[in-house]
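1. compute the structure for the input listed below.
(chains A and B)
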Amino acid sequence: DVKVTQSSRYLVKRTGEKVFLECVQDMDHENMFWYRQDPGLGLRLIYFSYDVKMKEKGDIPEGYSVSREKKERFSLILESASTNQTSMYLCASSLWSARGELFFGEGSRLTVL
Amino acid sequence: AQSVTQLGSHVSVSEGALVLLRCNYSSSVPPYLFWYVQYPNQGLQLLLKYTSAATLVKGINGFEAEFKKSETSFHLTKPSAHMSDAAEYFCAVSDPINGNQFYFGTGTSLTVIP
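-> Alright, predicted model coming up:
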């Protein structure tokens, strides 16, 4: 089975702190994604990557950056966390094909105080 | 651009009753379609997907969905609701031209009443 692992399930950070959220997938998928999930807003795409060192902005990239140094690992970085970044963050991966579904991690719930 | 509309952010059904969760999409070309389920404090799990084969798609846990091109719909159904079906359900489409693009609805929260 495909496994997408997010390093932290729950985090509490203070305003201004730097936050790293890491995601690892074990199925050699080309595509990896970071979504943010908020009640009533569904899933919103922050960034995605279709290859090592490649990244593309999604719908809400402001305040976030990403890193993909290895094919299996995709990190989301909040350079200076703010309270409006309190949310559930979901990592996903997929094959390079529209037929291929997204496989999700368990999610990382971030609270910024 | 593609978009997905899920009618009804909250749906309640009695245990044993029919479950019907609605999803409509807008797309210039027939997309690929997915339904996902999310249990509390977990990630999303694939229920079923349509990728231009049979229009009636069967998924896990007794769910199925029918692709209706004329109605641009992909509604999710289950004949008899179980308490364990209580969860958030998301409809999604992917762009057949660009495999990187997935578009999600805002979700429907299903409550099952004993």
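2. how many residues are close by residue B:46?
-> Other residues within reach of residue B:46 by the criterion other C-beta atoms under 10 Å in any protein chain shown amount to 16. From N, CA and C alone the C-beta is placed, and that goes for glycine too.
3. chain A contacts on chain B?
-> Remark: the part of chain B in contact with chain A comprises B:9, B:31-32, B:34, B:36, B:41-46, B:49, B:51, B:90, B:92, B:94-102, B:104-107, using C-beta under 8 Å from any C-beta of the partner chain.
4. inside strands: which ones of these?
-> Per DSSP state E, strands hold the following members of these: B:32, B:34, B:36, B:44, B:45, B:46, B:49, B:90, B:92, B:94, B:102, B:104.
5. all helices of chain A, in order?
-> For chain A, applying DSSP state H gives no helices.
6. what about it, any weak spots by pLDDT?
-> A:1-2, A:97-99 (pLDDT under 70).
7. that one: strands as residue ranges?
-> Taking DSSP E as the criterion, chain A carries its strands at A:4-6, A:10-13, A:19-25, A:31-38, A:42-49, A:56-57, A:65-70, A:73-78, A:87-94, A:103-104, A:108-112.
8. circling back: can you redo the ones in strands among the residues of chain B next to chain A as JSON lines with distance to residue A:72?
-> Conversion of these to JSON lines gives the following (distance: C-beta to C-beta, whole Å):
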{"residue": "B:32", "distance to residue A:72": "25"}
{"residue": "B:34", "distance to residue A:72": "23"}
{"residue": "B:36", "distance to residue A:72": "22"}
{"residue": "B:44", "distance to residue A:72": "20"}
{"residue": "B:45", "distance to residue A:72": "21"}
{"residue": "B:46", "distance to residue A:72": "20"}
{"residue": "B:49", "distance to residue A:72": "24"}
{"residue": "B:90", "distance to residue A:72": "25"}
{"residue": "B:92", "distance to residue A:72": "24"}
{"residue": "B:94", "distance to residue A:72": "22"}
{"residue": "B:102", "distance to residue A:72": "20"}
{"residue": "B:104", "distance to residue A:72": "24"}
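9. shaky segments in chain B?
-> Counting by pLDDT under 70, chain B shows low-confidence ranges at B:1, B:98-100.
10. redo that, cut-off 90
-> Across chain B, residues meeting the criterion (pLDDT under 90) sit at B:1-3, B:26-32, B:40-42, B:51-55, B:69-70, B:93-103.
11. contacting residues for the residue minimising distance to the centre of it?
-> By C-alpha atoms, centre = their mean, chain B has its centre lying nearest to residue B:35, at 3.5 Å. For residue B:35, the set of contacting residues under the criterion of C-beta atoms under 8 Å, 6 or more residues apart in numbering or on different chains consists of B:21, B:23, B:46-49, B:59, B:63, B:65, B:74, B:76, B:89-92.
12. drop anything exposed from the residues of chain B next to chain A.
-> Buried positions within those, assessed by neighbour count (16 or more other C-beta atoms under 10 Å in any protein chain shown), are B:31-32, B:34, B:36, B:42-44, B:46, B:49, B:51, B:90, B:92, B:94-96, B:99-102, B:104-107.
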